[in-house]
Each structure stands twice: as C-alpha cells, then as structure tokens.
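S.K.: dropping a prediction and its sequence here:
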Amino acid sequence: MTKAEIQLVRALADKRGRAEHGLFVAEGEKLIGELRTSHLRVRKLFALEGVFEGPGVETVAPRDMERLSLLKTAGNSLALIEIPRYELNTEALKGRLTLALDDVQNPGNLGTIIRLADWFGITDILCSPGTADCFNPKVVQATMGAVIRVRVHYTELAPQLAAAAAQGIPVYGTFLEGENIYGAGLTPEGIVVMGNEGRGVTEPVARTVTRKLFIPPWPADRRGSESLNVAMATGIICSEFRRRTAPPALP
C-alpha cells in the first residue's frame, strides 16, 4: 500500500475531495459485498487476508487497514466506489412517493432517512444543496447499503417543488400548524418535505407546499418535547402513507 493511496482515502473524507476524485469510501464486508454485486463500480478494494478475492483487491495488514479507515474502529475491508450520477426528471416522480430534504445537516439523520426510504419503497430523495452529502462516510455506513438502491439528487428545492406542484403532484410538508396526519387525506403519489433539524422548512420551500401535515403528540394537550427528530418523523410519515395508500395484499 502506497503513501498516495493512503492520501487518496484521507482526501475522500472531505466533500471537496470526493467531488474532485469522483469517489466515495465504503467500509465493512457486508456493505462492500452488496456494492460489488450492484450497479455501482468498485474502483479499488483493500481487505485483510481471506476477506475478498478477485481483480482489484489489494490484501493489506491489519495495521495498514487501521491507517486507511475513516471510522473509529477499522473494519476488515475498505472500498473506493465511483460516485453515481442520476438524472432528475420531475415527470418521472408522478405516481410515486418521494422525499425532499430541506437542509437536513446531520449525517446520521440523512443515513437513517435513506435507509427508511429503501424500507418503504421510495426510490428517489431530493436534497437541497445545504443537506449533508449522502456520500459522507458516516452517511454511507448509516444507510446499511440503502445508498445503493435509493437515488439521491441535489438541487434547488423550491423551483423543483413548484414545477412538481404545477404538474399536479401534491407537495406535503410537516408543520406545527398542519393537519393531523392520522385524519388527513393522503395520496399514493406526492413529495414529502422534511425540514432542518433546528429551523424546520425554509420559507422559499414552504411556499411550494400544497398540503401541511402535523404529527400530534399523545395526548394532544400534553406539554413535552418541542419536536421529533427529523429521521424519526420521516419514519412515522412514511409508515402512515404506506399504511393508508398501499394497495391491499393479495389473499
């Protein structure tokens, strides 16, 4: 393993380095195993002896893996993956449920939301430029492989959501003054906007929302936490949409 290889992996810990090289880092046997059978291209793979075999695999010593790893505890393998490029077509969002993240900045939250999207069959997430990078090493690990199956698009949200609304796609948003989600009419298609951890949905994005929703506390008049964690709120909302709008299971 060369000094240049170590420097390259270190550079990929930073967003600018990932953009410059067009690569991101994935660690761990399970995640890398999934990546090797996916549509994403593995450029280079470092692994302890006996973990992986084949072209492009470089066997390294445990000490070298510790030097390479971007995690607190090094795993048994690390791969450099080419960053995929996806086209964003608003027309293609018709007839399906989509998430939009407005400046969600915590990598753990973003990784969990991508994993939730994968669980609930949501294939596209629109992200504002201020949202955390989905190829940040912490996000990649938190997705538990879901980043392979969910397309994440970075775009100016307000124009995209306005265009979607103009095409008749409902744009839902979570607000304290919104309608109780458990009594609101929900549709199988739509874009659900989730806001920043501290500030909520920004004003330009809020103006594009056509349906405001609210997750009520229990009981409704109880004074407790001001708000829910954004990833947890996303899970509740996705679950309610799927429960109410999914076609009935076959007998």
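M.R.: All right, it came through fine.

S.K.: now the strands for the stretch 101-250 of the chain?
M.R.: Counting by DSSP state E, counting those that start in this stretch, the segments of the stretch 101-250 of the chain that form strands are 124-127, 151-154, 171-180, 190-194, 211-214.

S.K.: now do the third one: everything it contacts.
M.R.: Outside strand 171-180, the residues that touch it by C-beta atoms under 8 Å, 6 or more residues apart in numbering are 100, 161, 164-165, 190-195, 200-201, 205-206, 208-216, 233, 237. Quick note: C-beta positions are derived from backbone N, CA and C, even for glycine.

S.K.: okay, buried residues for that strand please.
M.R.: By neighbour count, and taking 16 or more other C-beta atoms under 10 Å as the criterion, the buried residues in strand 171-180 are 171, 172, 173, 174, 175, 178.

S.K.: and the residues you listed, which is closest to residue 65?
M.R.: Distance from residue 65 was checked for each of these by C-beta to C-beta. The minimum falls on residue 174, at 41.8 Å.

S.K.: about what we covered before: quick one, which of the strands of the stretch 101-250 of the chain is nearest to residue 242?
M.R.: strand 190-194 (11.6 Å).

S.K.: buried ones in the closest one?
M.R.: Residues of strand 190-194 classed as buried under the neighbour-count rule (16+ other C-beta under 10 Å) are 190, 191, 192, 193, 194.

S.K.: from residue 61, how far out is residue 116?
M.R.: 38 Å (C-beta to C-beta, to the nearest Å).

S.K.: neighbour-wise, which of these two wins?
M.R.: When residue 116 and residue 61 are compared on other C-beta atoms under 10 Å, the one with more neighbours turns out to be residue 116, at 23 against 11.

S.K.: what sits against the more buried one?
M.R.: Contacts here follow C-beta under 8 Å, 6+ apart; on that basis residue 116 touches 122, 231, 234, 235, 238.

S.K.: show me these that map onto helices.
M.R.: Within the contacts of residue 116, membership in helices is found for 231, 234, 235, 238, as judged by DSSP state H.

S.K.: my guess is the second one contacts residue 115, does it?
M.R.: Meaning residue 234. No - counting by C-beta atoms under 8 Å, residue 115 is not a contact partner of residue 234; they are 10.2 Å apart.
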